[in-house]
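**Q** Fold the following and give me the result.
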Amino acid sequence: MDFSTMLQDMRNSTPQEKTASASQKTADQAARVALDTALEKTAAPVNPASPDAVDSLLKMASMLAEQEKQAELVHAAQCGRVMADAMLEAFASADALAKTAALQDEQAKYAAYAQPAGATYDPTLDAMIKAASEAGYNETREKIAAEQFQEGQQAALDAVYKTAQEEFLKGDAEVETLARQAYGR
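**A** This next block holds a predicted model:
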């Protein structure tokens with residue numbers, strides 16, 4: 001039996017004689033009047049979701065999806081920057097190791113030119129080394145190496161940023177495909 005049917009039956013029923021006092025009868029009548037007015041106010045049928053509400057929810061969902069996609073792009077760019085910074089740090093430490101190794105190699109070469117036991121001193125070797133240094137051989141070599149390092153570093157950064165962004169967008173597309181399959185859209 002439905003609640004509204006029960007209330008309707010209560011309204012249609014005739015009051016029965018009770019031995020209660022007059023104040024009890026007036027309280028019952030007041031309760032019935034209050035119940036009737038409450039039912040009249042809430043008796044309007046409830047509308048299902050209107051098309052406007054559905055449209056606004058769809059608009060809100062698309063706005064949220066767009067904002068989330070933008071946030072993911074920003075996050076991908078930040079991840080790419082972090083990875084590039086880590087690679088730069090690795091390049092710098094590798095560069096420092098390479099410079100140390102090059103210095104050790106040069107020292108080993110100079111040690112080979114050093115005067116072995118029983119050998120005579122060759123002053124022309126010192127003159128050649130001094131002439132090469134004065135001609136700017138060392139600075140030019142270091143300048144070229146620094147330029148090549150910068151170019152390689154920038155190319156590596158560009159590749160890392162591009163790869164990070166491509167991989168993130170592939171993942172985003174895969175998630176979107178899975179979500180559409182899951183929700184049937």
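
**Q** Who are the packing partners of the lengthiest helix in the chain?
**A** Assignment by DSSP state H gives helix 51-113 as the longest helix of the chain. On a contact count with 3 or more C-beta pairs under 8 Å, 6 or more residues apart in numbering; DSSP states H and E, helix 51-113 meets helix 137-183. Heads up, the C-betas are built off the backbone N, CA and C, glycines and all.

**Q** Just list what the helix it packs on packs against, helices and strands only.
**A** helix 51-113.

**Q** after the longest helix of the chain, next one along is what?
**A** Under the assignment DSSP states H and E, the closest C-terminal helix or strand after helix 51-113 is helix 123-134.

**Q** Flag the shaky bits of the chain, pLDDT-wise.
**A** The chain contains residues with pLDDT under 70 at 1-4, 6-8, 10-11, 13-25, 38-51, 111-123, 125, 137-138, 185.

**Q** any idea which residue sits dead centre in it?
**A** residue 75 (3.5 Å; C-alpha atoms, centre = their mean).

**Q** what's the closest non-adjacent residue to that residue?
**A** residue 168 (7.8 Å; C-beta to C-beta, 6 or more residues apart in numbering).

**Q** Compute the number of surrounding residues for that neighbour.
**A** 17 (other C-beta atoms under 10 Å).

**Q** any idea how far it lies from residue 154?
**A** Distance from residue 168 to residue 154, counting by C-beta to C-beta, to the nearest Å: 21 Å.

**Q** can you check residue 56 too?
**A** 48 Å.

**Q** Then residue 52?
**A** Taking C-beta to C-beta, one finds residue 52 at 53 Å from residue 154.

**Q** circling back: how about the residue nearest to residue 75, what does it touch?
**A** Residues near residue 168 by C-beta atoms under 8 Å, 6 or more residues apart in numbering: 72-73, 75-76, 79.
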